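Chemist: mind looking at a prediction? Sequence and model below.
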Amino acid sequence: MKRLQAFSKVKEVYDRLDRDSLEKGILPMHSTQDGFWGSSNIDIVYDFFVKVGLEKYKRFLDLGSGDGRIVLLASIFTDATGAETDQELFERAVKIRDSLGLKAEFLKKNYLDINFEDYDFIYVYPDKRFSPELEKKLKKELKGKLFVYSSVYLPYFLKKGKTWWVDQYPTIEYTR
């Protein structure tokens, strides 16, 4: 399946899911046991992946992958994995992946239990400040790049690189 075709299919599924939720009066966001999940804008993230050249990276990891939309977008470009602790969001991601026939891995686990050294592109849309445990883990294990969507919560102890702008939304690159 061509990249643009695959993108259209992913976008269609998540747009329908978000529209159905909104028609029921439910926003595509909610609290989870470990934080807060809010959906990302598929068009903006896809354009960012094109700009950054995601296909040149070997392994992608989404920290707190929610309903899987970003991991499935990334899977169009490269080997993609998402880590999520919320059972409902995890199951939704797996179900959508299977319905689309895309190849992506979803792990039902805390991202602090994953070896970051195995990934050269780590993505996060943080819902709170970076914990000392996450900062320490990134300082120790980050071999590639960390990309932080939005500029609300940013790491303190990593080297800031380029800020990628798409439709006035920043995604900021970090290295060790």
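Modeler: Perfect, thanks for sending it.
Chemist: and the strands in the protein?
Modeler: Counting by DSSP state E, the chain has these strands, from start to end: 29-32, 35-38, 59-63, 79-83, 105-107, 121-124, 145-149, 159-166, 169-175.
Chemist: give the contact list for Ser40.
Modeler: When contacts are counted by Cβ atoms under 8 Å, 6 or more residues apart in numbering, Ser40 touches 69-70, 125, 149. Quick note: C-beta positions are derived from backbone N, CA and C, even for glycine.
Chemist: actually, Thr171.
Modeler: Shown in contact with Thr171 (Cβ under 8 Å, 6+ apart): 48, 52, 147-150, 163-164.
Chemist: switch the cut-off to 6 Å
Modeler: Contacts for Thr171 (Cβ atoms under 6 Å, 6 or more residues apart in numbering) come out as 48, 147, 149, 164.
Chemist: same thing with Ala104?
Modeler: Contacts for Ala104 were tallied using Cβ under 6 Å, 6+ apart; they are 71-72, 75, 80, 97.
Chemist: for the strands of the chain, give me a markdown table that also has distance to Phe7 and mean pLDDT.
Modeler: Converted to a markdown table, those look like this (distance: least, Cβ to Cβ, whole Å; pLDDT from 0 to 100):
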| stretch | distance to Phe7 | mean pLDDT |
| --- | --- | --- |
| strand 29-32 | 23 | 90 |
| strand 35-38 | 21 | 90 |
| strand 59-63 | 15 | 98 |
| strand 79-83 | 13 | 98 |
| strand 105-107 | 19 | 98 |
| strand 121-124 | 17 | 98 |
| strand 145-149 | 17 | 98 |
| strand 159-166 | 14 | 98 |
| strand 169-175 | 17 | 97 |
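Chemist: perfect, that will be all.
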